[in-house]
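In: show me how the following folds:
(one chain, ligands or ions: 1)
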Amino acid sequence: MSAPPTIGVLALQGDIAEHLRVLGGLGVRTRSVLRADQLDDVDGLIIPGGESTTMSKLAVRYDLMDPLRKHVGEGLPVYGTCAGMIMLADRILDGTADQQTVGGIDMTVRRNAFGRQSESFEAQVGIDGLAGDPVEALFIRAPWVESIGTDTVAIGQVSSGDRAGRIVAVRQGSLLATSFHPELTGDARIHGLFVDMVKGQA
Ligand SMILES: NC(=O)CC[C@H](N)C(=O)O
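Out: Have a look, this model is predicted:
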């Protein structure tokens with residue numbers, strides 16, 4: 001049997017521990033990534049939820065922005081949740097003037113699109129390719145995907161209510177992003193999908 005893959009969590013800011021915990025339950029090796037050279041040691045990377053403007057500033061300060069772009073360009077599988085989704089977007093709306101992203105997914109993402117922290121909510125989201133019930137998705141000052149390019153696949157949309165149809169999960173090649181936080185709701189299926197992507201099985 002081949003060794004389990006090592007999946008890193010970008011540890012600049014955000015809900016790092018929660019992702020490490022879910023990954024640990026899936027039998028992969030994990031490590032926190034804070035330096036560019038650590039990117040060479042991982043088979044996949046998660047960019048957590050948090051605050052994308054802060055994460056962006058810290059990535060620049062820690063000399064991680066260009067190395068992250070390089071690894072994404074070379075095909076490193078990366079999964080971004082919420083602020084992590086924003087970090088993976090080629091284009092953002094309602095960002096701050098100096099806000100940079102790693103990019104990689106051909107999409108336009110609107111920050112804080114679902115409203116303020118007090119308007120955090122849960123909704124059921126069916127994810128294409130995921131067996132079983134829809135995911136109980138938790139949105140916290142979440143972005144939505146305003147538009148996607150031809151190579152980007154919308155794999156999850158809000159199914160009911162006044163946000164029905166909003167794209168909240170996308171995949172483009174080895175990159176995956178969700179507006180919501182499966183690391184906080186105890187449903188490991190999306191992390192499982194990402195582990196399969198890292199293994200080249202999805
Ligand atoms: N829960 C989150 O990750 C919130 C994201 C945050 N609103 C941002 O713009 O970065």
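In: where does the chain come near the ligand, residue by residue?
Out: 49-52, 82-83, 86, 111-112, 140-141 (CB under 6 Å from any ligand atom). Placement of C-beta: from N, CA and C, glycine included.
In: which among those count as buried?
Out: 49-50, 52, 82-83, 86, 111-112, 140-141 (16 or more other CB atoms under 10 Å).
In: how about the strands in this structure?
Out: Taking DSSP state E as the criterion, the chain carries its strands at 6-10, 29-33, 44-47, 78-81, 89-93, 105-110, 121-127, 135-139, 144-148, 153-158, 167-172, 175-178.
In: CSV for these, including mean pLDDT?
Out: As requested, the strands of the chain are exported to CSV (pLDDT from 0 to 100):
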stretch, mean pLDDT
strand 6-10, 98
strand 29-33, 98
strand 44-47, 98
strand 78-81, 98
strand 89-93, 98
strand 105-110, 98
strand 121-127, 91
strand 135-139, 94
strand 144-148, 97
strand 153-158, 96
strand 167-172, 98
strand 175-178, 98
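In: who wins for proximity to R61 among these?
Out: Nearest to R61 among those is strand 6-10 (13.6 Å), distances taken as CB to CB.
In: give me the helices and strands touching the closest one, please.
Out: With contacts taken as 3 or more CB pairs under 8 Å, 6 or more residues apart in numbering; DSSP states H and E, strand 6-10 sits against helix 16-24, strand 29-33, strand 44-47, helix 189-198.
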